[in-house]
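Q: this is the structure alone, sequence omitted:
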């Protein structure tokens, strides 16, 4: 059964801090998705990774395939980054479904 | 920018009633999905749909649920006889390809079963 585990569950930071959210996943997952869920519930896809590293603005996502581990980093965090960040695994034996982690509630204080 | 749309945004229904949740996926996408999120819990996969048939479904997706693509644009989820535990946010998503491609999510339909 595919599984995805995230840490931490909750994270509070001061504006400007560097933030890291971690995700471990099981065998059978070949692509790791990072998603952002806003307070109203909407989900936005941030990255999809199967190897290496991706960067978009202040967001950086990395993946280590051998260790089955991915991280999402936010540089120079801002209160508008406050949201739930979710990692989800897909591909290979999971087929077309995504298996979601529990999410990390990030609060960035001014 | 193209986006996935869902209607209605909120639906309140009585237990035992049928509901149909509607989605319009992004036009050149080939894979369609339904997920649900019970309040306070993680998002769960329900079903994926490709080439006018179900390609995968979870154990949640029992005989009470069905999906359909009635025309070239809409993708619907029907719950035949709603239960209290069906109360959740239902998300539709679409992608160009299967699980290794980015999935684009709709804004969700919040379903409340009384």
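A: Good, I have the coordinates. Note that the coordinates shown come from a computational prediction; the quantities given were computed from them, not determined experimentally.
Q: all contacts plus neighbour counts: C-alpha atoms, from now on.
A: OK.
Q: now residue A:6, nearest residue through space, not along the chain?
A: Using Cα to Cα, 6 or more residues apart in numbering or on different chains and skipping the chain neighbours, the partner closest in space to residue A:6 is residue A:23 (4.4 Å).
Q: rounded mean pLDDT for the host helix or strand of the one you found, please.
A: Per DSSP states H and E, residue A:23 falls inside strand A:19-25. Strand A:19-25 carries an average pLDDT of 97.
Q: what's it packed up against?
A: In terms of contact count using 3 or more Cα pairs under 8 Å, 6 or more residues apart in numbering or on different chains; DSSP states H and E, strand A:19-25 is assigned the packing partners strand A:4-7, strand A:69-74.
Q: which positions within the following helix or strand past that strand qualify as buried?
A: Helices and strands here follow DSSP H and E; after strand A:19-25, the next one along the chain is strand A:31-37. Residues of strand A:31-37 classed as buried by neighbour count (16 or more other Cα atoms under 10 Å in any protein chain shown): A:31, A:32, A:33, A:34, A:35, A:36, A:37.
Q: roughly how far apart are the fifth one and residue A:21?
A: Computed with Cα to Cα, to the nearest Å, the distance linking residue A:35 and residue A:21 is 12 Å.
Q: quick check, residue A:31 in contact with residue A:47.
A: No - at 10.1 Å, residue A:31 does not count as touching residue A:47 under the criterion of Cα atoms under 8 Å.
Q: quick check: residue A:62 touching residue A:68?
A: No - using Cα under 8 Å, residue A:62 and residue A:68 do not qualify as a contacting pair, with a distance of 10.9 Å.
Q: with neighbour numbers in mind, choose between the two.
A: Neighbour totals were compared for residue A:62 and residue A:68, and residue A:62 leads with 20 against 16 (other Cα atoms under 10 Å in any protein chain shown).
Q: if you skip the residues just before and after it, what's nearest to that one?
A: Nearest-residue entry for residue A:62: residue A:53, 4.3 Å, with adjacent residues in sequence omitted and distances by Cα to Cα, 6+ apart.
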